[in-house]
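Undergrad: Okay, structure incoming, though there's no sequence with it:
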């Protein structure tokens, strides 16, 4: 490493045992996970909490009240963001993370559209989950990953 001019960052570098400790690297959190059905443990990788929060912040930046773009353009922006997320985080365990992200996206889209249609912020109206992830065209991460294609 010295020959390449690289050095270790002493504050960020540590040795750990993945069988007992979790650690974050390149947006993933590595460590011990459990199989939900039978409780068996395995060493796995999943998106880190920091990465999930960054994605939520990006979704929030797209769905701000001041965004006056057409819904088709806003949805296309969300779709590009979700395709990038899904492409990078396709390996590993992501079932729980995908559910959290989908719930956040649904809440934000519903609030965004309710505001646009001058409805109460808590009103669901025509913006049910089926409508948001169906007719309105917002991508559903967990189904897209199973198919291997993000539509």
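TA: Yep, it's here. Just so you know, these numbers come straight off a predicted model, no measurement behind them. Numbering: from 1, shown residues only.

Undergrad: Next, count neighbours for residue 22.
TA: Neighbours of residue 22 under the rule other C-beta atoms under 10 Å: 13. Quick note: C-beta positions are derived from backbone N, CA and C, even for glycine.

Undergrad: no wait, residue 98
TA: 20.

Undergrad: what comes up buried for the strand or helix carrying it?
TA: Here residue 98, judged by DSSP states H and E, is contained in helix 95-116. For helix 95-116, a neighbour-count test (16 or more other C-beta atoms under 10 Å) marks 97-98, 101-102, 105-106, 108-114 as buried.

Undergrad: pLDDT added to the residues you listed, as JSON lines?
TA: Output for the buried residues of helix 95-116, formatted as JSON lines (pLDDT from 0 to 100):
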{"residue": "97", "pLDDT": "87"}
{"residue": "98", "pLDDT": "87"}
{"residue": "101", "pLDDT": "92"}
{"residue": "102", "pLDDT": "91"}
{"residue": "105", "pLDDT": "92"}
{"residue": "106", "pLDDT": "91"}
{"residue": "108", "pLDDT": "91"}
{"residue": "109", "pLDDT": "91"}
{"residue": "110", "pLDDT": "89"}
{"residue": "111", "pLDDT": "88"}
{"residue": "112", "pLDDT": "89"}
{"residue": "113", "pLDDT": "87"}
{"residue": "114", "pLDDT": "86"}
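
Undergrad: now for those, which pair is the farthest apart?
TA: 97 and 114 (26.0 Å; C-beta to C-beta).

Undergrad: if we can go back for a sec, against which helices or strands is the helix holding residue 98 packed?
TA: Applying 3 or more C-beta pairs under 8 Å, 6 or more residues apart in numbering; DSSP states H and E, we find helix 95-116 packed against strand 41-47, helix 49-62, helix 71-88, helix 129-132, helix 141-147.

Undergrad: let's go with 7 Å and repeat that
TA: Under the contact criterion of 3 or more C-beta pairs under 7 Å, 6 or more residues apart in numbering; DSSP states H and E, helix 95-116 touches helix 49-62, helix 129-132, helix 141-147.

Undergrad: Also compute the angle for that helix relative to helix 49-62, please.
TA: With axes from the mean of the first three to the mean of the last three C-alpha atoms, to 10 degrees as the basis, helix 95-116 and helix 49-62 are set at 20 degrees to each other.
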